[in-house]
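Peer 1: A predicted structure for the sequence below; I have some questions about it.
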Amino acid sequence: MKRALFYLRLAKEIHYDTYLHSCRVAMLAYKIGKTIELNSHELEQLFLAALLHDIGKTKVGGRILDKPGKLESEEWREIRNHPLYGVELLSHDHQLMSNDVIEGVYAHHEFFNGEGYPRGLKEEDIIVYARMIAIADALDAMTTKRVYRTHQLSFEDAVQEVLRCKETQFDPYICQKITGLIQDEGFETSLLKMRKLCPLQNMN
Ligand SMILES: [Fe+2]
């Protein structure tokens, strides 16, 4: 965890939005992991992988990440390289980061149907942590403002969007398991509260 905070500080210095997004996705992924009844070791691995899932964006840099308007194909390629950049960064820490955490980072943009990137992995070939992070990542992306998308969805609409993409983008089993949790009226409130209270957000 200490090492993960080192990387998180790096994200905070280089790209503040990535840092905030990472904190939120880690909390959301943790909630999802609890619903799937992961054990405490698995929850820790999931949390670390979620916290570091976009760490490779520190190599892409704000000039591309914050560019308003259309990206050139070279810039797109650079963004799509961020899972690999993350692996490159974390692989130096093999003693401290487990293979599962690194694989979770590498595979978080894979699609359940094999149409994701960077390796086009499919179904159970995608490590379960990455399948959960993908859902948390999408929910956070849709419910927060981005440079390239000013339209922000309500949490409810974002959940509907995730459910619409079960079996194509997302693992249908995990979607089914979290439906009840997300439809729980208190969930969004507790998530918003968690976002505000997150100690990582006040990290310096
Ligand atoms: Fe990502």
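Peer 2: Good, I have the coordinates.

Peer 1: so where do the helices sit in this structure?
Peer 2: With DSSP state H, the ranges of helices along the chain come out as 2-14, 16-35, 40-51, 57-60, 62-65, 73-80, 82-91, 99-106, 128-143, 155-164, 172-183, 185-197.

Peer 1: which residue packs closest to the residue nearest the centre of the chain, ignoring adjacent ones?
Peer 2: Against the mean C-alpha coordinate of the chain, by Cα atoms, centre = their mean, the closest residue is D137 at 3.8 Å. Nearest non-adjacent residue to D137, counting by Cβ to Cβ, 6 or more residues apart in numbering: V25, 5.3 Å away. Glycine gets a C-beta too; all of them are placed from N, C-alpha and C.

Peer 1: cool, and E103?
Peer 2: Per Cβ to Cβ, 6+ apart, closest to E103 is I127, 4.6 Å.

Peer 1: swap in H94?
Peer 2: Here the residue nearest H94, using Cβ to Cβ, 6+ apart, is I102, at 7.9 Å.

Peer 1: same check, this time on M132
Peer 2: I32 (4.9 Å).

Peer 1: pretty sure D171 is one of the things that neighbour touches, is it not?
Peer 2: No - I32 lies out of contact with D171 (Cβ atoms under 8 Å); the separation is 10.6 Å.

Peer 1: which neighbours do the two have in common?
Peer 2: I135 (Cβ atoms under 8 Å, 6 or more residues apart in numbering).

Peer 1: listing request: residues of this protein with sub-threshold pLDDT.
Peer 2: Applying pLDDT under 70 to the chain picks out residues 146-150, 181-204.

Peer 1: farthest from the middle of it: give me that residue.
Peer 2: E72 (24.0 Å).

Peer 1: hmm, back to that, how much space is there between the residue nearest to E103 and K177?
Peer 2: Noted for I127: a distance of 17 Å to K177, by Cβ to Cβ, to the nearest Å.

Peer 1: try V159
Peer 2: 13 Å.

Peer 1: who's more crowded, the two?
Peer 2: The neighbour count for V159 versus K177, taken as other Cβ atoms under 10 Å, is higher for V159 (24 against 15).

Peer 1: pretty sure the more buried one contacts M142?
Peer 2: No - if you go by Cβ under 8 Å, V159 and M142 don't touch, sitting 9.1 Å apart.

Peer 1: hmm, H109 is touching A134, no?
Peer 2: Yes - H109 lies in contact with A134 (Cβ under 8 Å); the separation is 7.2 Å.

Peer 1: higher neighbour count, those two?
Peer 2: Under the criterion of other Cβ under 10 Å, the comparison of H109 against A134 puts A134 first, with 27 against 20.

Peer 1: count the residues that sit near the residue nearest to the more buried one when sequence neighbours are not counted.
Peer 2: Distances taken as Cβ to Cβ, 6+ apart put H108 closest to A134, at 5.7 Å, once the chain neighbours are dropped. H108 has 28 neighbours, counted by other Cβ under 10 Å.
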